[in-house]
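coordinates for the following, if possible.
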Amino acid sequence: LLLGCELTASTKSYTFQVDEEDDSDHILALSVVCLTDGAKDECNVVEVVGRNRENREIAVPVANLKLSCQPLLSLDNFKLHPPVTFRLAAGSGPVHLSGWHRIMHREDASFEEDDDLSEEDEEELPPILPAKK
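Numbers count the residues shown, from 1 in each chain. Below is the predicted model:
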């Protein structure tokens, strides 16, 4: 599923969350953050607000965009686990965020099989040789 949202001076945050009773695993990947039509030449700081392992809220800046020097930033599918909030910490935007949302049903374990090497594949790997001096 594709995700897209826009942060502006009037809409400074967007929260992506899933139903707490949903037993699927959700991955949200942020691909591109860019200034859109009407943006001023000012610093626009976008931060991600989530929870750490101790369940404390943390905010991490992921983009600092300015129309004259860096209007777009590719985040190479920066993966997040919902719930997560995108916030315009500085600037007036508009800033457009795009990415994708993947739902993995827990009954579907096929994604784990692709990552593991079978025993036959491990035996076919060449031995590691010492580096030459």
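
now do whichever strand or helix holds T85: which elements does it pack against?
Using DSSP states H and E, T85 falls within strand 84-90. For strand 84-90, the packing partners by 3 or more CB pairs under 8 Å, 6 or more residues apart in numbering; DSSP states H and E come out as strand 2-7, strand 13-16, strand 44-51, strand 57-65. For every residue, glycine as well, the C-beta is placed using N, CA and C.

any low-confidence regions in this structure?
Counting by pLDDT under 70, the chain shows low-confidence ranges at 1, 20-23, 105-133.

on that earlier part again, residues of the next helix-or-strand element following the strand holding T85 that come out buried?
Where DSSP H and E defines the elements, the next helix or strand beyond strand 84-90 is strand 95-104. Within strand 95-104, the residues scored as buried using 16 or more other CB atoms under 10 Å are V95, H96, L97, G99.

most tightly packed of the helices and strands packed on strand 84-90?
Comparing the helices and strands packed on strand 84-90 by mean neighbour count (mean count of other CB atoms under 10 Å), strand 44-51 comes out on top with a mean of 18.

for that one, name the packing helices and strands.
Under the contact definition 3+ CB pairs under 8 Å, 6+ apart, strand 44-51 sits against strand 25-35, strand 57-65, strand 84-90, strand 95-104.
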